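Asks: Sharing a model prediction with you, sequence too.
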Amino acid sequence: MSVHEAAPRAGVIEPPESKGLKVGALGLVGSIVVGMASTAPAYSLAATLGFIVAGGAGLKAPAIMLLAFVPMYFIAVAYKELNEAEPDCGTTFTWATRAFGPIVGWMGGWGIIIADIIVMANLAQIAGSYSFTLANELGLHNTLDQSTFWSTVAGLLWIAIMTYICYRGIEVSARLQYALLSIEVVTLVIFAAVALYKVYAGISPTGSVHPSLSWLWPSGMSMSVIASTVLLGVFIYWGWDTAVATNEEADDPGRTPGRAAVISTVLLLVTYVLVSVATVAFAGTGDKGIGLGNANNAADVFTAIGPTLYGTSTLGHIGLALLAVSILTSASASTQTTILPTARTALSMAAYKAIPTRFARIHPRYLTPTWSTIGMGVVSAAFYLLMTWVSPSILSALIGAIGLQIAFYYGLTGIACAWFYRHSLTDSARHLVMRGVIPLVGGVFLFVMFVYALKTYWDPAYLTDADGKNVTIAGIGAVAVVGVVSLLAGFIFLAWQRAVAPAYFRGETLPVRSHADLVLAGQLPPAPGHIALPDSREATVIAPDLSNLPPGATAVDPVTGTVHRRDDHTQES
């Protein structure tokens, strides 16, 4: 086979192997639905908006939604550009390894996994308690939503159900998300419409405020307040990257997932700004009653506001039931779509021998990761039980901790994009902006927010429980401890894997490579459609000056197909 026959199509570095996932299962709409559903819009707003207001944003909460969108959009662009070069389900793990080497790449993958494990505890708690809340609204009166034991049992059941659905196949998962996301969006639109109608009709409660354009600009807030609340806003947007994590199952792996990620973030922006404006306007920011500044409302603003908004009429009960359904389906849907990307990140890491290879096993019929999917469910359930045993109050600390994890691996992806494409940024203005400036700014911004937010979360008084007591671990703010310790714990697993299986850490299974690197002609990346074993070796990277090119050998640019020879300094296109 000639050099030109083996070279990949222009502009794309083909992934080294097929991992066995079901190709072509998701189109653009399906990818967008999976991306949006993964953010759990109703649950995210219910669990976070109160903390944003009480955290110092006040009436400026909608501005935080806008400000948090900026780095999310910038990182979505980075995902899109990197996915075009290498559509691998490992996403940040794969791309950061390419850019910075195995240690940084491994920690990027760990950031994804630990963030998803942590959020599962929070999602399970919401899904469990809202199961009983919904039953109550439907006439099956009970108080089990106030019981930690029964809410935990129901939460564990939801984890088991969604793990099984993910195990059964990506198409089953996607079809379920269509229904669950539709319920969420319709409910949120109705909620916002009723709230704004009552505000402008003058029949809203004391403390309500007419919306103002000034709410969309973050003036008057300190940097520490902006940092901590923006990370909470980032949590609300977090999840759209599931559309990219399922890239190897998309109809066009190089284009569809990236486009879906960008579109998802824009649609989420519209939803979040509309609902946050309506909620702040109706409830106000006071610290009494249904005010969003009331610490008792922070963990679930919709439950606090719902009875006042909808009233006690028949339509009111329907509205409350629909709200409960929305949050339940939101949390359960996100439970499912949290398992999806984590299992695929673990699959990719296992395929490249960064974690035990058993996690690369694929079900022969359902074409889904087996060990990775089931393992995610089991570990999530164990972590949920551990956090509940330590203190049910600590579950509210998890959102901020997740924000730190998200800022880490999203920020790493943005910087990795700029570095991966560094040699081709001057090819065009478009490349400079979309592959360099935007991803780099987004990545740096998130790391700056990480530092400022960590300082805020470190304060023992940052988070208090329903009794007004500080939620701390060893005298330090619980949010900071959970966020930092869970991230640093990755180095323990990294060291163990490096000791027992060093091939990945030697750069043998996933070597560092930039977008413009040359590779040895005899070891080209496989052609499109080629299937190889997960432990197949990659191409040897050749320096741009050909200094490490063996005598008599040739190198090829995998992007353009240009052949380079050192002996006569010739190039062939």
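Replies: It's in. Numbers count the residues shown, from 1 in each chain.
Asks: Going by C-alpha atoms from here, please, whenever you check contacts or count neighbours.
Replies: OK.
Asks: now the stretch 1-150 of the chain, which segments are flagged as low pLDDT?
Replies: 1-20 (pLDDT under 70).
Asks: All the strands of the stretch 1-150 of the chain, in order from the start?
Replies: Under the criterion DSSP state E, counting those that start in this stretch, the stretch 1-150 of the chain carries no strands.
Asks: Helices along that one, start to end?
Replies: Secondary structure of the stretch 1-150 of the chain (DSSP state H, counting those that start in this stretch): helices located at 3-6, 28-38, 41-52, 61-85, 92-100, 102-137, 148-168.
Asks: for the helix or strand harbouring V186, which positions count as buried?
Replies: Using DSSP states H and E, the secondary-structure element containing V186 is helix 170-201. Using 16 or more other CA atoms under 10 Å as the test for burial, helix 170-201 gives 170-171, 173-174, 177-178, 180-181, 183-185, 187-188, 191-192, 194-196, 198-199.
Asks: Could I get the average pLDDT for stretch 249-259?
Replies: The average pLDDT within stretch 249-259 is 85.
Asks: so how far does it reach from one end to the other?
Replies: 15 Å (CA to CA, to the nearest Å).
Asks: cool, and stretch 90-109?
Replies: Note: stretch 90-109 ends 7 Å apart using CA to CA.
Asks: Just the pLDDT at I263, thanks.
Replies: Value listed for I263 in the pLDDT field: 92.
Asks: How about it, nearest residue that isn't a chain neighbour?
Replies: I32 (7.0 Å; CA to CA, 6 or more residues apart in numbering).
Asks: distance of the one you found from T256?
Replies: 9 Å.
Asks: out of the two, which sits in the more crowded spot?
Replies: Shown here are I32 and T256; by other CA atoms under 10 Å, I32 has more neighbours (27 against 24).
Asks: contacting residues around that one?
Replies: A243, A260, A261, I263, S264 (CA atoms under 8 Å, 6 or more residues apart in numbering).
Asks: just the residues you listed now: which is nearest V53?
Replies: Nearest to V53 among those is S264, at 24.6 Å by CA to CA.
Asks: tell me which element the closest one falls in.
Replies: Using DSSP H and E, S264 falls in helix 256-283.
Asks: Now that helix: buried residues?
Replies: Result for helix 256-283 [16+ other CA under 10 Å]: buried residues 256-265, 268-269, 271-283.
Asks: next one: stretch 496-503
Replies: Q497, R498, P502, A503.
Asks: what secondary structure does the residue nearest the centre of the chain sit in?
Replies: When CA atoms, centre = their mean is applied to the chain, the residue found nearest the centroid is G239 (3.4 Å). Using DSSP: H, G, I helix; E, B strand; the rest coil, the secondary structure recorded for G239 is coil.
Asks: Okay, buried residues for the longest helix along the chain please.
Replies: Ranked by residue count, the top helix of the chain under DSSP state H comes out as helix 314-351. Of all the residues in helix 314-351, those buried under the rule 16+ other CA under 10 Å are 316-317, 319-351.
Asks: can you check stretch 418-435 too?
Replies: Buried, per 16+ other CA under 10 Å, within stretch 418-435: A418, W419, F420, Y421, R422, S424, L425, H431, L432, M434, R435.
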